[in-house]
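# Please find the sequence and the predicted model below.
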Amino acid sequence: MKGTTLTKTLRVFFGMFMVCVYLAMAVALAVNFFDWSNTPMWKAARWAMAVVFGLYGCYRCYRQVKGVDYYHHDRDYYDNEEAPDGNGNNTAATAIALLILALATTACNNTPATNSSTMGIAKINCDESFRNILDQEIEVFEYTYPEASIMPRYMDEAAALDSLLHKHCDLIITARDLTDEQRDILDKQGRAHRSRKIAVDAVAIIVNNSNDIAELSMQDLSDIFTGKVKRWGEVFPTSLKRDSIVVVFDDSGSGVMHYVKEKFLNGGKFGDNVFAQHSTEEVFKTVEGRKGAIGFVGVSWISANMQGQERTIEDKVTELRDKNEVSVISFTDRIKVMPIRGAESTRGYKPYQAYINDGSYPLVRTIWAIDASAGGTLDHGFYAFLTGVIGQKIILQTGILPAAEPVRYVETTK
């Protein structure tokens, strides 16, 4: 039957629409719009599908523009049964449909059918400075509950809070509790919410190993932040007296930088010698590579116990269940951890857990878990784990102070 002009016009529009769909799917898969798991298998599958959709979308666009598709108005294939260009398209489309179906079926077979407090998939957004802590918590939780998958994303503190308030996730880890205004926003959204302090952390001051200054006072730090002093020789007689002081943070919106602003600047601005990196690891690299650098990181990042662990997950879980004390944490030798002297102290202290606990170390902050998920979900289950006995013991092993678990320190001798 001869196709009408209207039919052919509609088919042209449909063809262009499908081109847009294929290309849009390629972009969506490339940026992980659907929040697939970032395991190596699914990451490879996602990129493979993005390439297939992109190439096929370009191919269909080329055919549409050239007028070789069977529905194009310049060629009336309805009168010619021997011109089946469309068959090739149908075959390609069928192949892509089968590929999508196969991947989707595999995804369904590998995704837990239900979501409970111990199974399913949960997303959590976390301040970058707490990455070491959260990675340890997730490892033990997923070992304990094999059908659970926690998908963390690390970002600055402000972005984590925004993600919660804009319904992009239901569970976050930050250095501050919700404000009354933020709680009102969640209430208006009809989302039940809870928060709990899970740890007392400290901000560690790290310098290059060649820095021979014995300690810094809180006033010294204030002068460095504001740019009042710009060379190490202005702080204390040192072999680095001519070296410029370069201050590095993990991120301009991180909890560490926010803490320092509140602690030292009183609404003022940093000096022009203060720089933000893109991660805590980059802070370490800068301090290692520059004699005059001084960096500010969370305490868990300087723990040699964390960086040198080669125990199996089975050994870790057994120790968490059976052991109720912790040995004194040692620090990495990649950098020098600078002792800090409080305003009323006669000597400087390093951020050991005991000194965090008794207040001798002056740069302390809290870590909060904030949950706006429904009860019975994996998000809520992981929140309960973080605040429970095992979750608190894990925090103790990372070099910071758990909020709930009592601490018993054991001195070790070499």
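That came in fine, so what should we check first? Numbers count the residues shown, from 1 in each chain.

# Going by C-alpha atoms from here, please, whenever you check contacts or count neighbours.
Noted.

# Got phi/psi on Asn209?
As for Asn209, its main-chain torsions (degrees, to the nearest 10) stand at phi -60, psi -20.

# which ones are touching it?
Glu288, Lys291, Arg334, Ile335, Lys336 (Cα atoms under 8 Å, 6 or more residues apart in numbering).

# So the first one sits against Ile206, correct?
To tie it back to what came earlier, the one meant is Glu288. No - the pair Glu288 / Ile206 is not scored as a contact, 9.5 Å apart, by Cα atoms under 8 Å.

# More neighbours: these two, which one.
Ile206 (24 against 21; other Cα atoms under 10 Å).

# Find the residue closest to Asn115 in space, skipping its chain neighbours.
Computed as Cα to Cα, 6 or more residues apart in numbering, the closest residue to Asn115 that is not its neighbour in sequence is Thr377, at 5.9 Å.

# Next one, pLDDT for the one you found please.
Looking at Thr377, its pLDDT stands at 93.

# okay, now it: neighbour count?
Per other Cα under 10 Å, the neighbour tally for Thr377 reads 18.

# contacting residues for it?
Applying Cα under 8 Å, 6+ apart, the residues contacting Thr377 are Asn115, Ser116, Ser117, Thr118.

# Format those residues as TSV; extra columns: distance to Met151 and neighbour count.
Shown next, in TSV, are these (distance: Cα to Cα, whole Å; neighbours: other Cα atoms under 10 Å):
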residue	distance to Met151	neighbour count
Asn115	14	17
Ser116	15	17
Ser117	15	20
Thr118	14	22
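
# Output stretch 231-246 as CSV, nothing but the C-alphas.
Extracted C-alpha coordinates of stretch 231-246, given in CSV (Å, rounded to 0.1, in the frame of the first residue of the first chain):
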residue,chain,number,x,y,z
ARG,A,231,58.6,32.9,55.8
TRP,A,232,59.5,30.2,58.3
GLY,A,233,62.3,32.4,59.7
GLU,A,234,59.6,34.9,60.9
VAL,A,235,58.1,32.1,63.0
PHE,A,236,61.1,30.6,64.7
PRO,A,237,64.9,30.4,64.0
THR,A,238,65.2,27.6,61.5
SER,A,239,67.3,26.3,58.7
LEU,A,240,64.3,27.1,56.5
LYS,A,241,64.4,30.8,57.4
ARG,A,242,64.3,31.9,53.8
ASP,A,243,61.7,29.5,52.6
SER,A,244,58.2,30.8,51.9
ILE,A,245,55.4,29.3,53.9
VAL,A,246,52.9,27.6,51.5
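
# what mean pLDDT would you report for it?
89.

# from here on, count from 14
Okay, using 14 as the starting number, the last item reads as stretch 244-259.

# Any buried residues in it, and which?
Arg244, Trp245, Gly246, Glu247, Val248, Phe249, Leu253, Asp256, Ser257, Ile258, Val259 (16 or more other Cα atoms under 10 Å).

# So for Asp384, what's the nearest residue that isn't a sequence neighbour?
Nearest one to Asp384, counting by Cα to Cα, 6+ apart, is Leu184 at 4.5 Å.

# Which phi and psi values does the one you found adopt?
phi -140, psi 130.

# and the closest residue to Arg378 other than its chain neighbours, what does it touch?
Distance criterion Cα to Cα, 6+ apart; nearest residue to Arg378, sequence neighbours excluded, is Asp214 at 5.2 Å. Asp214 is in contact with Gly311, Val312, Ile369, Val377, Arg378, Thr379, Ile380, Ile413, Leu414, counting by Cα under 8 Å, 6+ apart.

# Looking at the record's assignment, how would you partition the protein?
What automatic domain parsing lists as the domains of the chain is 18-123, 133-427.

# and among those domains, the most buried is which?
domain 133-427 (a mean of 18; mean count of other Cα atoms under 10 Å).

# hang on, isn't Thr299 packed against Phe309?
No - contact status for Thr299 versus Phe309: not in contact, 11.4 Å apart, counting by Cα under 8 Å.

# those helices in this protein, which residues are they?
18-43, 53-79, 98-123, 144-157, 170-178, 193-201, 231-239, 268-273, 293-302, 317-320, 326-335, 366-371, 391-400, 402-410 (DSSP state H).

# closest one to Gly284 among those?
Proximity to Gly284 (Cα to Cα) singles out helix 231-239 among those, at 4.5 Å.

# next one: that closest one to chain centre, how far?
30 Å (Cα atoms, centre = their mean, to the nearest Å).

# Please apply the same query to stretch 234-251.
Using Cα atoms, centre = their mean, the offset of stretch 234-251 from its chain centre is 33 Å.

# Grab the most central residue of this structure for me.
Compute the mean C-alpha point of the chain, and by Cα atoms, centre = their mean the closest residue is Tyr167, 1.1 Å away.

# give the contact list for that residue.
Tyr167 makes contact with Asn138, Cys139, Asp140, Glu141, Arg144 under the criterion Cα under 8 Å, 6+ apart.

# how about the residue nearest to Asp384, what does it touch?
Contact analysis of Leu184 by Cα under 8 Å, 6+ apart lists Lys136, Ile137, Asn138, Leu177, Ala382, Ile383, Asp384, Ala385, Ser386, Asp392, Tyr396.

# quick one: it and Ile151, what's the gap?
13 Å (Cα to Cα, to the nearest Å).

# repeat for Gly302
32 Å.

# How about the contacts made by Ile211?
Counting by Cα under 8 Å, 6+ apart, Ile211 has contacts Thr379, Ile380, Trp381, Ala382, Leu399, Thr400, Gln405, Pro415, Ala416, Ala417.

# Gly67 against Ala39, yeah?
Yes - using Cα under 8 Å, Gly67 makes contact with Ala39 at a distance of 5.1 Å.

# quick one, what contacts Lys210?
Lys210 neighbours (Cα under 8 Å, 6+ apart): Asp190, Thr379, Ile380, Trp381, Ala382, Ala416.

# chain center to stretch 382-391: distance?
Worked out by Cα atoms, centre = their mean, stretch 382-391 lies 18 Å from the chain centre.

# and it, C-alpha only, in CSV?
C-alpha atoms of stretch 382-391 as CSV (Å, rounded to 0.1, in the frame of the first residue of the first chain):
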residue,chain,number,x,y,z
ALA,A,382,26.2,10.8,60.5
ILE,A,383,23.0,12.4,59.2
ASP,A,384,20.2,10.1,57.9
ALA,A,385,17.0,11.0,56.2
SER,A,386,16.0,7.5,54.9
ALA,A,387,13.0,5.5,55.8
GLY,A,388,13.3,2.9,58.5
GLY,A,389,14.1,-0.6,57.3
THR,A,390,16.2,0.5,54.4
LEU,A,391,19.9,-0.2,53.9
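
# I'm done for today, thanks for sticking with me.
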